[in-house]
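Undergrad: fold the following, please.
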Amino acid sequence: MAGNSTDPGRSVTSKVVSILMAFADSETQSLTEIARTAGLPVSTAYRLVSELAGWGLLTRTENARYRIGTPLRDLGAGVQVDTSLAERSRRVMEDLAAATRSNVRLGVLDGTVVSYTERIAGSRTAAKSWTAWHTPAHASAMGKAFLAFSPTEVVNSVLAEGLTRFTPYTLTAADQFRRALAVVRLTRVAVCRWEYEVGSSAVAAPIFNAAGEIIASLEVSARDVGTDLRALQPALL
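TA: Residues are numbered from 1 along each chain as shown. As a prediction, the model looks like this:
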């Protein structure tokens, strides 16, 4: 078989592609899972995965799993934040980043992930401070702010995909997640503490159009573990 790892004619490119394709059905993969899906010996998978991680194409998580790195996410982003929305929000995001001295993100829901653009606090070059990335909806403040005001079928589709655990703090139980969304609807504020990455927290608010429909969410992130997220809320709202 051409895909068999023992095939002497199998190229390095074929092996690398098979490793990257292992992430098509799952946000994160263990080394063993990558090797099995790619049809490679664990030793070979380890060597190639380590090289990919060195280039930033894969990222190692806190629990020794891997996920697609930012450069590949940028290249593969199929749905970007609406350009006109991002442009109209640029000054607001710049002011908010300056007021809170934190990174600010504007996101829209794209299936079970949030596609967002970011204003990095303290960046002097605007062109370099704007990026377009994806982050899981259920493990981000932006995602919770958006989902809390989305139709029931949208929330159900996210739950049907499964709430992947990224850290010990990720909400993975459906009933617990629904209660969290109910709190967001009452407070108009979504909070995420270490749910996607240990040491990284954020607070977000929904953005509505004139008809009262959710169209985006605005998030302020904080990497300082001592940051009081409540102090960021007045400027955000």
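
Undergrad: CA atoms for contacts and neighbours, from now on please.
TA: OK.

Undergrad: which SSE is Arg47 in?
TA: Counting by DSSP states H and E, the element that carries Arg47 is helix 42-54.

Undergrad: report the buried residues of that helix.
TA: For helix 42-54, the neighbour count (16 or more other CA atoms under 10 Å) marks 42, 45-46, 48-50, 52-53 as buried.

Undergrad: can you list these in CSV and add pLDDT and distance to Ala205?
TA: Output for the buried residues of helix 42-54, formatted as CSV (pLDDT from 0 to 100; distance: CA to CA, whole Å):
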residue, pLDDT, distance to Ala205
Val42, 91, 44
Ala45, 92, 41
Tyr46, 92, 41
Leu48, 93, 40
Val49, 93, 37
Ser50, 91, 38
Leu52, 90, 35
Ala53, 87, 33
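
Undergrad: what comes into contact with the helix or strand Glu94 falls within?
TA: Taking DSSP H and E as the definition, Glu94 sits inside helix 83-100. Identification of contacts with helix 83-100 by CA atoms under 8 Å, 6 or more residues apart in numbering yields 103-106, 117, 119-122, 220, 232, 235-236.

Undergrad: who's the closest residue to Gly107 other than its chain neighbours bridged to?
TA: With CA to CA, 6 or more residues apart in numbering as the criterion, Gly107 has its nearest non-adjacent residue at 4.0 Å, and that residue is Tyr116. In this entry, Tyr116 is beta-bridged to Gly107, Trp133, by DSSP bridges.

Undergrad: count of neighbours near Tyr116?
TA: By other CA atoms under 10 Å, the residues close to Tyr116 number 28.

Undergrad: I'd like to know how far it sits from Ala139.
TA: 14 Å (CA to CA, to the nearest Å).

Undergrad: give the next helix or strand downstream of the helix holding Arg47.
TA: Downstream of helix 42-54, the next assigned helix or strand under DSSP H and E is strand 58-60.

Undergrad: so which bits of that following strand are buried?
TA: For strand 58-60, by 16+ other CA under 10 Å, it's 58-60.

Undergrad: between those residues, which is nearest Ala148?
TA: Closest approach to Ala148 among these (CA to CA): Thr59, at 29.1 Å.

Undergrad: residues contacting that closest one?
TA: Thr59 makes contact with 53, 66-69, according to CA under 8 Å, 6+ apart.

Undergrad: can you pull the contacts of the most centrally placed residue in the chain?
TA: The residue lying closest to the centre of the chain (CA atoms, centre = their mean) is Thr135, at 1.2 Å. For Thr135, the contacting residues are 113-116, by CA under 8 Å, 6+ apart.

Undergrad: which one of those residues is nearest Ala145?
TA: Lowest distance from Ala145 to these (CA to CA) belongs to Val114, with 10.7 Å.

Undergrad: show me what whichever strand or helix holds that closest one is packed against.
TA: In this assignment (DSSP H and E), Val114 forms part of strand 113-119. Secondary-structure packing of strand 113-119 (3 or more CA pairs under 8 Å, 6 or more residues apart in numbering; DSSP states H and E): helix 83-100, strand 104-110, strand 132-136, helix 141-147.

Undergrad: for those, which one sits closest to Asp175?
TA: With distances scored as CA to CA, the stretch of these nearest to Asp175 is helix 141-147 (14.1 Å).

Undergrad: list the contacts of the closest one.
TA: By CA under 8 Å, 6+ apart, helix 141-147 touches 106-109, 113-114, 136-138, 154-155, 181, 184, 188-192, 202-206, 214-219.
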